[in-house]
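S.K.: Give the three-dimensional model of this entry:
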Amino acid sequence: MNPNTNIPESGSIKAWKICYYGTLGILPLLIVLNFYGLYSNQFYFLKIDNYIFPLVSVLHVVFLHAIRFRIHEQEYPDTVMRNVEYGMYAVLMIYIFKCFDTLYILMSYDDFSAYLIPDTFLPVGVLILILQIFLVMLTVYSFRQRRSLLGSYDFDQIDKNMNSWQ
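M.R.: Here you go, the predicted model:
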């Protein structure tokens with residue numbers, strides 16, 4: 001934030017918008033590709049495991065919209081937003097796990113080279129891995145952007161600015 005006012009600088013707002021729209025662009029792609037089986041070249045909609053990532057990404061969207069709302073209204077972060085961000089740390093661990101899982105699958109290509117592996121295995125697998133890495137980077141960057149645009153969770157400031165009668 002600009003030290004003289006509470007208005008964020010325009011460069012940091014542009015970086016936030018890139019992070020926001022980039023994440024909202026990557027998440028739907030990864031949700032669809034989450035149902036894709038690399039070894040079989042098919043989509044699996046009946047596996048319960050495939051629905052974990054879409055459910056977890058809902059928290060990510062809520063976090064992004066909370067930051068966007070706070071920036072637009074020039075409000076301080078509150079305890080609810082703090083709790084959502086703590087949930088996002090767990091979501092980040094799931095994203096990192098998915099990256100390592102995809103990398104493990106891609107590295108097993110030579111182990112199954114004698115079997116019939118679809119031609120789309122490596123291109124789609126690399127695409128998924130790149131999108132997952134970008135999602136992890138954008139998630140970490142959104143934490144930094146929240147801190148730089150909204151400030152830290154200073155509860156003395158939160159209590160001072162909170163009026164329960166409004």
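S.K.: how far away is the spatially most central residue of the chain from I96?
M.R.: Using Cα atoms, centre = their mean, the residue of the chain that lies closest to the mean C-alpha position is T139, 4.3 Å off. According to Cβ to Cβ, to the nearest Å, T139 stands 9 Å off from I96. Quick note: C-beta positions are derived from backbone N, CA and C, even for glycine.
S.K.: ok, back up a step: give me every residue that touches the residue nearest to the centre of the chain.
M.R.: With contact taken as Cβ atoms under 8 Å, 6 or more residues apart in numbering, T139 is in contact with 23, 60, 88, 91-92, 95.
S.K.: Just put those in a markdown table and tack on distance to L135 and pLDDT.
M.R.: Formatted as a markdown table, those follow (distance: Cβ to Cβ, whole Å; pLDDT from 0 to 100):
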| residue | distance to L135 | pLDDT |
| --- | --- | --- |
| T23 | 7 | 96 |
| H60 | 9 | 96 |
| M88 | 12 | 96 |
| V91 | 10 | 96 |
| L92 | 9 | 97 |
| Y95 | 6 | 96 |
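S.K.: can you list these in JSON lines and add neighbour count, distance to L29 and secondary structure?
M.R.: What follows is these, written out as JSON lines (neighbours: other Cβ atoms under 10 Å; distance: Cβ to Cβ, whole Å; DSSP: H, G, I helix; E, B strand; the rest coil):
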{"residue": "T23", "neighbour count": "21", "distance to L29": "11", "secondary structure": "helix"}
{"residue": "H60", "neighbour count": "23", "distance to L29": "14", "secondary structure": "helix"}
{"residue": "M88", "neighbour count": "21", "distance to L29": "20", "secondary structure": "helix"}
{"residue": "V91", "neighbour count": "19", "distance to L29": "17", "secondary structure": "helix"}
{"residue": "L92", "neighbour count": "17", "distance to L29": "18", "secondary structure": "helix"}
{"residue": "Y95", "neighbour count": "23", "distance to L29": "14", "secondary structure": "helix"}
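S.K.: what's the closest of those residues to L33?
M.R.: Y95 (13.5 Å; Cβ to Cβ).
S.K.: Skipping adjacent residues, who's closest to the closest one in space?
M.R.: Among residues not flanking Y95 along the chain, V136 sits closest, at 5.1 Å (Cβ to Cβ, 6 or more residues apart in numbering).
S.K.: Phi and psi next, for that neighbour.
M.R.: When read as degrees, to the nearest 10, the backbone of V136 gives phi -60, psi -50.
S.K.: With F45 instead?
M.R.: Note on F45: its backbone torsions stand at phi -100, psi -10 [degrees, to the nearest 10].
S.K.: Output the lowest mean pLDDT helix or strand found in the chain.
M.R.: helix 155-161 (a mean of 57; mean pLDDT, DSSP states H and E).
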